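1. Have a look at this prediction, sequence included:
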Amino acid sequence: MDKKNVIPILCLMTNKGEILTSIMKNYKDCYFFLHNTKDFDVVENIMNEGFIFENQLSHSTDRVNPDEPVEATYFFFQRKDYGLYTIIIAIPKNIYEIYSGVSASKNVNIEEVMSVTEPYCGDNDELIYTLSPKHILGYFNIKLSEFYQNRNWDPFFNNCLTKSSGE
């Protein structure tokens, strides 16, 4: 990763949950979902190609409120065995509400609206979706307490516009 995308962290903070939520607060009006992984290759693939998940986003991620550092601390405690890299998905609330509205009007689940690929049936007979890399804010290295912003993240990205324009 390019070191110019590294955001310095305040050394006064010792709790990793506090550090992560202080970072997320810089990206106002987003819903945040966290996912841990062990392999840096997986991190790079997610940031460049998108986040592939099964059935529901909530099955592969944990939603965290940046105003509640205890939630991020609990996430790190619960998910520590899943790896030292935390993928941060940040979907602006106004975009998420658009997805929710389209989901309700078309009577499909929100994951289908958010997915940049057509859902397909995976090995567990569950639908597989892909969230755009434009919704991946970056990742947090738990060991180093460093945040790396994804150059692909776009706070204005709306998958509904992409699907309707045929891109």
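-> Sure thing, it's come through. If you're wondering where the values come from, they're calculated on a predicted model, not measured in any experiment. Residues are numbered from 1 along each chain as shown.

2. ok, for Y74, nearest residue in space, not its chain neighbours?
-> The shortest distance from Y74 to any residue that is not its chain neighbour, by Cβ to Cβ, 6 or more residues apart in numbering, is 7.4 Å, and that residue is G17. Quick note: C-beta positions are derived from backbone N, CA and C, even for glycine.

3. Can you tell me the closest non-neighbouring residue to the most centrally placed residue in the chain?
-> Of all residues in the chain, the one closest to the mean position by Cα atoms, centre = their mean is I89, 1.5 Å from it. The spatially closest residue to I89, leaving aside those adjacent along the chain, is F33, at 4.1 Å (Cβ to Cβ, 6+ apart).

4. same for whichever strand or helix holds the residue nearest to Y74, what does it pack against?
-> G17 belongs to helix 16-24 when assigned by DSSP states H and E. Of the remaining helices and strands, those touching helix 16-24 by 3 or more Cβ pairs under 8 Å, 6 or more residues apart in numbering; DSSP states H and E are strand 62-64, helix 69-79, strand 85-92, strand 136-141.

5. and the ones you listed, which one's lowest on average pLDDT?
-> The weakest mean pLDDT among the helices and strands packed on helix 16-24 belongs to helix 69-79, with a mean of 88.

6. List the buried residues in it.
-> Residues of helix 69-79 classed as buried by neighbour count (16 or more other Cβ atoms under 10 Å): 69, 71-73, 75-76, 79.

7. just stretch 87-95 next, same as before
-> Of the residues in stretch 87-95, those with enough neighbours to count as buried (16+ other Cβ under 10 Å) are 87-92, 95.

8. Where does the prediction get shaky in the protein?
-> In the prediction, the chain carries residues with pLDDT under 70 at positions 1-14, 163-167.

9. now the strands for it?
-> With DSSP state E applied, the chain shows strands at 6-7, 30-37, 51-54, 62-64, 85-92, 120-121, 127-131, 136-141, 146-149, listed in chain order.

10. circling back to that earlier point, any idea how far the helix holding G17 is from the middle of the chain?
-> In terms of Cα atoms, centre = their mean, to the nearest Å, the gap separating the centre of helix 16-24 from the centre of its chain is 15 Å.

11. what does that helix rub up against?
-> If you take Cβ atoms under 8 Å, 6 or more residues apart in numbering as the criterion, helix 16-24 is touched by 7, 9-10, 13, 30, 32, 64, 66-76, 86, 88, 90, 140, 142, 145, 147.
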